[in-house]
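Undergrad: turn this into a model:
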Amino acid sequence: GRVMWVVGARASRYAGLLRIHPTAHMTRPVLGLTAVNGWMLLPFGIGRLLLHLPVRGPGLALEEHAAFRVTSTEPAHAHVDGDYFAQGTAFEIGVLEQAVGFRVPG
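TA: Residues are numbered from 1 along each chain as shown. A predicted model of the protein is given here:
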């Protein structure tokens, strides 16, 4: 459906205290998908993220998927682990079956 804020999470909390998704966990091969529409942003932000209350409602979707696609008619901004990633109208988000390699300079 139409939403204003979407998060794919491998852990239930972000930054240690913000509860993004109730069942997401690093040992599971799925992402916790949290999607919030405009009128639920305030109850979700205060209730679930800060106070850890079991906020529910028709404007909040909490699901689990191995992968999902986010599309927008207007360019939207995407962040990965809190850092700016890109702007676009479509993003594929999923769980890799193998680790991602990287290099550290020096």
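
Undergrad: for the helix or strand where residue 72 lies, buried residues please.
TA: For residue 72, the element it lies in under DSSP states H and E is strand 67-80. Residues of strand 67-80 classed as buried by neighbour count (16 or more other C-beta atoms under 10 Å): 68, 70, 76. Any C-beta I mention is one placed from the backbone N, CA and C, and that applies to glycine too.

Undergrad: show me what whichever helix or strand comes after that strand packs onto, helices and strands only.
TA: As assigned by DSSP H and E, the chain's next helix or strand after strand 67-80 is strand 83-94. With contacts taken as 3 or more C-beta pairs under 8 Å, 6 or more residues apart in numbering; DSSP states H and E, strand 83-94 sits against strand 67-80.

Undergrad: strand partners (parallel or antiparallel) of the strand it packs on?
TA: strand 83-94 (antiparallel) (DSSP bridges).

Undergrad: how about residues contacting the partner strand?
TA: For strand 83-94, contacts defined as C-beta atoms under 8 Å, 6 or more residues apart in numbering pick out 8, 31, 66-79.

Undergrad: of all those residues, which two lie farthest apart?
TA: Spanning the widest gap among the contacts of strand 83-94 are 66 and 74, at 27.4 Å by C-beta to C-beta.

Undergrad: can you pull out the strands in this protein?
TA: Under the criterion DSSP state E, the chain carries strands at the ranges 5-9, 13-14, 18-19, 31-36, 60-65, 67-80, 83-94.

Undergrad: show me where the protein dips below the pLDDT cut-off.
TA: 55, 99-100 (pLDDT under 70).

Undergrad: for the closest residue to residue 12 other than its chain neighbours, give me its contacts.
TA: Using C-beta to C-beta, 6 or more residues apart in numbering and skipping residues adjacent in sequence, the residue nearest residue 12 is residue 24, 4.9 Å away. By C-beta under 8 Å, 6+ apart, residue 24 lies in contact with 9, 10, 11, 12, 31, 32, 64.

Undergrad: who's the first one bridged to?
TA: In this entry, residue 9 is beta-bridged to residue 32, by DSSP bridges.
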